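Asker: Would you be able to build a 3D model of this:
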Amino acid sequence: MSEPEAIADKSRGIFARIGLSLLSLLVPGLGLIRAGSLALGIKFAALHLTFLFLLVGYFAFGPTLTIGSWAIVLIIGLAVVLICQLGSSIITFLRSRHYVSERQWWSRWYIIVAGVLVWFGIQEVAASNMRAHYRNFYVPAESMRPTLDINDRFLAKMSDFGELRRGDILIVKNEGSEYVKRLIGLPGDNLELKAGKVLINGSVAKYEETSILPAEDICDVAGSDSVEIMQETLPGTKTSHLVVDCGANYLDDVGPIQLGDDQYYFLGDNRDLSADSRVEGPLGLGVVSRDRIVGYTLFVYWSDDRKRIGIEIN
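Answerer: Reported below is the predicted structural model:
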C-alpha cells in the first residue's frame, strides 16, 4: 500500500461523531483534538481556562462583589460556557465527518483520558479557591426574619472582610454547621437583655415600633397584643434594623455578661425564635470566639418574594 493510501480520509460514523461532540461538551475542545484539530481544540480550551483564571483572580484580589458585578460575572460566564462548550461541541460534530488512518500522538486515547483528568483537577482547584473567598447560603429557618426570609439565598464573602462592626450580619461556625446571626456584643462589652431590650455598657438600644410587616405572619401568634416589630438601633451605631418580639420568652432576660478579649455575642433578629448566643451549644451558639466567625453576608440573589432579590444584607 502506498503512503497516500495509508493516510487517506475515511468517513466517521454518526455515533462516533456524537461521542466526540459530547467529549467537547465535557471538556471544551477535547473532542476536536481527538478528531485531529489540535490548534482549534487548544483555542477553545485556552479561552475557557483564561476566563476561569481571571475569575479566580477577581475573587481573590478584586473589589467585593455586589449584585451588579455578580450579575455581570454570571452573564459573561454563561457566554463563555456557550462559546467554549456548546460551540466547540457543534464544531466538533461538523468537523469530525472524516478522519485519517494515521493518528497523531496527541490524539491517542490515553492522552485524551489524561486531558480529562487534568481538566477536572484544574476545575476542582479553581472551585476550591473561589469557595475560599465567596460562598452562597440558603436560609432554612425563621431566626433572622424579617431581615432574611425562609428560602432566601444569599452570597457571603468568606475572606478579608475587615474589621467586625456591631450590627453586622455574619456567618458563624457551630458544631459542624454554619449559622447566620447579627453581631451585638464586641470584646470587652458588658451586655445585658432586659424584657427583650438590649443594653450594652449601660446604654439601652433605641426601639421604635413599626407596622411595615404583619407581625403575626412572622411569629405565628395571631391576635396577640404583645407581638411587636420594631426598628432597633444599637448603642454606638447610626443605622437601624428590624427585629421581632413575639411576646414574653425565657430568653428575654439575660446577663449581665462581661465579654472577654476574644468573645463576641450574636442574636437573631427574630428574637424569640433564634438559637443564638443566649443558648449554649450545641443547640445554640453560646459566646463566640473570633476564629468561629467565617463570613460576611452581602446580598440576596434569590427569594420566594422576587422583590427581595438584590437586597443588600449589610
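
Asker: If I look at residue 211, what pLDDT would I see?
Answerer: Listed pLDDT for residue 211 reads 67.

Asker: Would you point out which residue is most central in this protein?
Answerer: Among the residues of the chain, the one closest to the centroid is residue 136, at 1.6 Å (C-alpha atoms, centre = their mean).

Asker: That one is in contact with residue 152, isn't it?
Answerer: No. Applying C-beta atoms under 8 Å as the test, residue 136 and residue 152 come out as separate, 10.8 Å apart. Quick note: C-beta positions are derived from backbone N, CA and C, even for glycine.

Asker: Low-confidence regions, the stretch 201-314 of the chain specifically.
Answerer: Low-confidence regions of the stretch 201-314 of the chain, defined by pLDDT under 70, span residues 211-217, 220-226.

Asker: if we go to 50?
Answerer: 222-224 (pLDDT under 50).

Asker: what's whichever strand or helix holds residue 231 packed up against?
Answerer: Assigned by DSSP states H and E, residue 231 belongs to strand 228-233. With contacts defined as 3 or more C-beta pairs under 8 Å, 6 or more residues apart in numbering; DSSP states H and E, the packing partners of strand 228-233 are strand 206-209, helix 215-219, strand 241-245.

Asker: quick one, strands of the stretch 201-314 of the chain?
Answerer: Under the criterion DSSP state E, counting those that start in this stretch, strands of the stretch 201-314 of the chain are mapped to 203-204, 206-209, 228-233, 241-245, 254-258, 265-267, 293-302.

Asker: most neighbours per residue, which of those strands?
Answerer: Mean neighbour counts were compared across the strands of the stretch 201-314 of the chain using mean count of other C-beta atoms under 10 Å; the top stretch is strand 265-267, at a mean of 27.

Asker: Direction included, what does that strand pair up with?
Answerer: For strand 265-267, the pairing partners within the sheet under DSSP bridges are strand 177-185 (antiparallel).

Asker: and the partner strand with strand 293-302, angle?
Answerer: Calculated by axes from the mean of the first three to the mean of the last three C-alpha atoms, to 10 degrees, strand 177-185 forms an angle of 100 degrees with strand 293-302.

Asker: need the next SSE after strand 177-185, C-terminal direction.
Answerer: Following the chain from strand 177-185 toward its C-terminal end, the next helix or strand by DSSP H and E is strand 190-194.

Asker: quick one: average pLDDT of that following strand?
Answerer: 94.

Asker: neighbouring contacts of it?
Answerer: Here strand 190-194 makes contact (C-beta atoms under 8 Å, 6 or more residues apart in numbering) with 184-185, 198-202, 251-259, 265, 278.
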